[in-house]
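> What follows is a predicted structure for the sequence shown.
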Amino acid sequence: MSPVEKWFRVDGLEIERLLHDWRWLCPSQMSLLARNLFGELFLQDEAGAVFWLNTTFGKLSKVAHSKAEFVEMAETSEKRQDWFVVQETEAYANRGLVPSAAQCIGFSPNEGMRMRDGCGCKQRST
């Protein structure tokens, strides 16, 4: 499986739960297309446009007019780095932070780097 395919494996992730704290920024109905290691989401609206929910900056940006365009763009090295933070993903993997399909990596100033899932957080030393 290519790295791009891994980012598009979102079956079983509950979109409403993921967007619960972001509805102020993303009030319309969306479907989940992809995600990155840090829990940033790529969403498709009912018209077919694709948006990036950048949770680092609290910003929702249109990145493609269609899923096909988004998938094509995701194959480029520039977008793989911008959207899916490939270098950071590899660096964290080298330090033992490899989240499951239902987890992402998050950071808390009080607790350090953690992998987060639906049942809470699992502390990992960094």
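Good, I have the coordinates. Numbering: from 1, shown residues only.

> going forward, measure contacts and count neighbours with C-alpha atoms only.
OK.

> For this structure, which segments count as helices?
Assigned by DSSP state H, the chain shows helices spanning 3-7, 15-19, 67-74, 77-84, 86-94.

> taking the mean pLDDT, what do you get for the second one?
In this model, helix 15-19 has an average pLDDT of 88.

> what's the answer for the fourth one, then?
Averaging the model's pLDDT scores along helix 77-84 yields 90.

> Equivalent analysis for the first one, please.
In this model, helix 3-7 has a mean pLDDT of 68.

> repeat for stretch 22-41
For stretch 22-41, the mean pLDDT works out to 90.

> tell me which residues in it are buried?
By neighbour count on 16 or more other CA atoms under 10 Å, the buried set for stretch 22-41 is 22, 26, 30, 32-41.

> And for stretch 64-83?
Using 16+ other CA under 10 Å as the test for burial, stretch 64-83 gives 64, 67, 70-71, 74, 80, 83.

> I'd like the residues you listed as a markdown table, with distance to residue 52 appended.
Shown next, in a markdown table, are the buried residues of stretch 64-83 (distance: CA to CA, whole Å):
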| residue | distance to residue 52 |
| --- | --- |
| 64 | 9 |
| 67 | 12 |
| 70 | 10 |
| 71 | 13 |
| 74 | 12 |
| 80 | 13 |
| 83 | 8 |
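
> closest to residue 45 among those?
residue 67 (10.1 Å; CA to CA).

> these two touch, right, that closest one and residue 45?
No. Contact criterion CA atoms under 8 Å: residue 67 and residue 45 do not qualify, at 10.1 Å.

> rewinding a little: would you mind saying which of the helices of the chain lies nearest residue 60?
Closest approach to residue 60 among the helices of the chain (CA to CA): helix 15-19, 11.8 Å.
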